[in-house]
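Asker: Could you look at this predicted model? Sequence included:
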Amino acid sequence: MTVALQKDKTKSEKMLQTSRRCDLNSLPPLQVAFRPFTFYPLHPPSPFPSFLSSAAAPHAKMHVVGLLSGGKDSVYNLLHCVKQGHEPIALATLSPPEGVSELDSYMYQTVGQDAVHLVAAALDLPLHRRTITGKAVELGSEYGSRAPGGQGGARGIAGDETEDLFELLSAVKAAHPTITALSVGAILSSYQRARVEHVCARLGLTPLSYLWQRDQSALLAEMVGAGLEAVLIKVAGVGLEPDRHLGKTLGQMQGTLKKLNSIYGSHVCGEGGEYETLTLDCPLFKKRIVFDETEIVLHDPSPMAPVAYLRIKRAHLEDKSVSPPAAEEIDVAVPSVLDEEGEVMLEELKVVATGTGEASGPGPREEGLGAAEVTIGQRGDWVAVGNVTAFNGPTSAPPSGYPTLAEELTAAFHSLSYHLANHSLSLPHNTLSLTLLLSSISSFAAANAAYASFFGTAPPARACVTARLPAGERVRLAVLARADPRAGDLARKSLHVQGLSYWAPANIGPYSQAISIANRHFISGQIGLLPPTLALPSPPNLALEAALSLQHVRRVAAAIASPDSAWPESCVCWVDSSAAFPVARRAWEAFVNVRSTAARPPPFLLVATPELPKGAQIEWQTAWHSGEPVRALDDADEDDEEEEADTGLPVVSTGSTPDAQFHTLEYNAGEALQALVLLRTAEPAPLRSLLRLNAALERLTNSAFSLEVFHTAAVSQQSVLDLAHSIHASADAGDSSKSGIAITPVPVDALGSEPESEWTVALLYLGAA
């Protein structure tokens, strides 16, 4: 639970998102001459949240304000802040109006406010308070607008209770200018996390959420073991009785809470609102709290789950016999970098990882700017835009090119926005996944700053890598978008976690960890960052980076999709040297062996490219499927339901000729989703032979709407484009919902697969179910 935040409420998590569309009026300005076409006035870019900047150094010591209700989670998270080397210097809490004991809030826990000042006094930290005046106006899973400025800009939602937190923390920052981070005890609720992080982005604060997504049984045991003494001050869950359980410590309740979890599925840490706590003592306290007089207030006498709270009428502080320990002496459990599955994978990789290889570094680039046009593919509501650069859009580029990368990226985004608008789609609202190719990773920070000005809250998933772009070209984009019905299970949903934790890395750029729509999930490229610090392991260790980055993929996928039914559709593994291919291949094999429902692994491509963000050695870009049909079953009988359920498994086909290899993945009675074709030359004959060999591959090449063409320096960009166009010379006239195919050439250093590692061209197709 987030301390000073209300427990997770099921209905709040399931509220539908409200529609907030924007058009090209919301995009930042482009200072170049346009070719004749209608365009729109634009506003200046919004600020890039400071804690996402490479200069923010989130692993450095930070002054912290603790968001406090007095419960176990906020206090225990402060303990982890100190363990991680940060210094709490102030506390903040939101209270109900005077005379109100408990407020029915979607965001804030207000029971126990009559003693929260004692917790602050025990910690010997100044407490800043504000009365809650707002209501839950925005009930969707996202908060703020997807339009530019909606995340890090000044835009909140008038009258929403989230804005009380913004005002409170604004006052705290004014009083303590050195504060750069916020301690948040969130464990499970994305509804609350998204709102806290939105406020932090506007104020330039780094959220510190070390309890996020932790296993609740393990977490409760760690709290008790760390010497945190908290008592139940509210009960509202089945099996909890006011007379028996109010006032009991976590240590006394641990067995009962685990038993209720096994019987009823109750949350051990109370994340379903089963109970609330007040902390009486912990290693950070300089004094401990002692109750002098309390009374039980019964709200609901339900025999199954009575609701009652403990009113604290009188209490005092008592001296402790020992002083709080120094940061390095705090005895608090920190989760291992790798969980059990990750440790097993690491042991397997140690056998393979005999060396890290050398990064590719600078190398040859084709002469002259790429003249290939933007290409667009559509099937139904799905739209792909390929090969977007600053030089092939609706604007005339300066004769000598763009002076800065920011200007070049801005021009590319204006081109992209123009093409999306032609399909009645909006860049910030409808983009799902984006591949950003840079000529040099030294441009990463500048690219992020310019990129951020085009998106607000819930930006698309993204993979950012370098490629051997033609000389003079620094940016290339490939984009997937879809019309968003904004209703029910088909709506676009995001996982956009920005806090430091032990779970998985916060985004290091303006992207979401994952975007989900209909039955597809697109996960941003994951590198082996240590989540609490956003640093890579030191010294460099390819095996550890591979295991850790795939652990991130697994955890993100579990958070955005059902871990019981979802499966990976495809994977592109980017490495900084072909010497890493054996390790990456073994890691992916171990990963899919644990969770793939297909007899063979899904399409998997190894790509050696010059550089990866932050000097990483490996990055995983994956797409997932929910394992469920898009359309719900209506009035089908049981036999029909079973037959429909049988189609939920993917079917993977593979085949080869002497000069080519293919992998296809189909779903739901022949709907081809992904295909990977590997070629030794850019000649069309081997590909045509494969098409005659496999019906699924032929179906997908005829119906796919997106194609990324990876190629090494052995063949030119023009030759691979000629290859693609020779196969896709015209749209499928028999399908009115399908037109064209988006083709993006991706020049790289080397290509590999399972098991072969010597390919010249790789074609990665995307279809729609």
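Answerer: Yep, that arrived. Residues are numbered from 1 along each chain as shown.
Asker: Now do the SS call for the closest residue to Pro126 other than its chain neighbours.
Answerer: Nearest residue to Pro126, sequence neighbours excluded (Cβ to Cβ, 6 or more residues apart in numbering): Ala90, at 5.2 Å. Placement of C-beta: from N, CA and C, glycine included. Secondary structure, DSSP: H, G, I helix; E, B strand; the rest coil: Ala90 is strand.
Asker: Any idea what Ala90 is bridged to?
Answerer: Val65 (DSSP bridges).
Asker: Is it correct that it is in contact with Ala175?
Answerer: Yes - contact criterion Cβ atoms under 8 Å: Ala90 and Ala175 qualify, at 7.3 Å.
Asker: what sits in contact with each of these two?
Answerer: Common neighbours of Ala90 and Ala175 (criterion: Cβ atoms under 8 Å, 6 or more residues apart in numbering): Pro126, His128.
Asker: From Asn261, how far out is the most centrally placed residue in the chain?
Answerer: Nearest residue to the geometric centre of the chain (Cα atoms, centre = their mean): Gln513, 1.8 Å. Computed with Cβ to Cβ, to the nearest Å, the distance linking Gln513 and Asn261 is 28 Å.
Asker: Repeat that for Leu697.
Answerer: In this view, Leu697 and Asn261 are 48 Å apart by Cβ to Cβ.
Asker: next one: Val224
Answerer: Computed with Cβ to Cβ, the distance linking Val224 and Asn261 is 15 Å.
Asker: What of Val572?
Answerer: 39 Å.
Asker: Could you do Gln661 as well?
Answerer: As for Gln661, its distance to Asn261 is 49 Å (criterion: Cβ to Cβ).
Asker: who's more crowded, the two?
Answerer: Between Gln661 and Asn261, counted using other Cβ atoms under 10 Å, Gln661 has the larger neighbour count: 22 against 18.
Asker: Count the residues that sit near Gln498.
Answerer: Neighbours of Gln498 under the rule other Cβ under 10 Å: 22.
Asker: Once you drop chain neighbours, what's closest to it?
Answerer: Nearest to Gln498 is Glu197, by Cβ to Cβ, 6+ apart, at 4.5 Å.
Asker: Distance from the host helix or strand of that neighbour to the middle of the chain?
Answerer: Using DSSP states H and E, Glu197 maps to helix 190-203. How far helix 190-203 lies from its chain's middle: 14 Å, per Cα atoms, centre = their mean, to the nearest Å.
Asker: what does the helix or strand following that helix contact?
Answerer: Downstream of helix 190-203, the next assigned helix or strand under DSSP H and E is strand 206-208. Strand 206-208 has contacts (Cβ under 8 Å, 6+ apart) with 51, 56, 58, 62, 64, 77, 80-81, 84, 86, 180-184, 193, 196-197, 200, 498-501, 506.
Asker: Skip ahead from strand 206-208 and say which helix or strand is next.
Answerer: helix 216-225.
Asker: and the next helix-or-strand element following that next one, what other elements does it pack with?
Answerer: Using DSSP H and E, the helix or strand that follows helix 216-225 towards the C-terminus is strand 229-235. Counting contacts by 3 or more Cβ pairs under 8 Å, 6 or more residues apart in numbering; DSSP states H and E, strand 229-235 packs against helix 242-245, helix 250-264, strand 275-281, strand 307-319.
Asker: so the longest one versus strand 275-281, what angle?
Answerer: If you take axes from the mean of the first three to the mean of the last three Cα atoms, to 10 degrees, helix 250-264 sits at 160 degrees to strand 275-281.
Asker: quick one: Ile289 is in a helix?
Answerer: No - under three-state DSSP, Ile289 sits outside any helix and is assigned strand.
Asker: That concludes my questions; thank you for your assistance.
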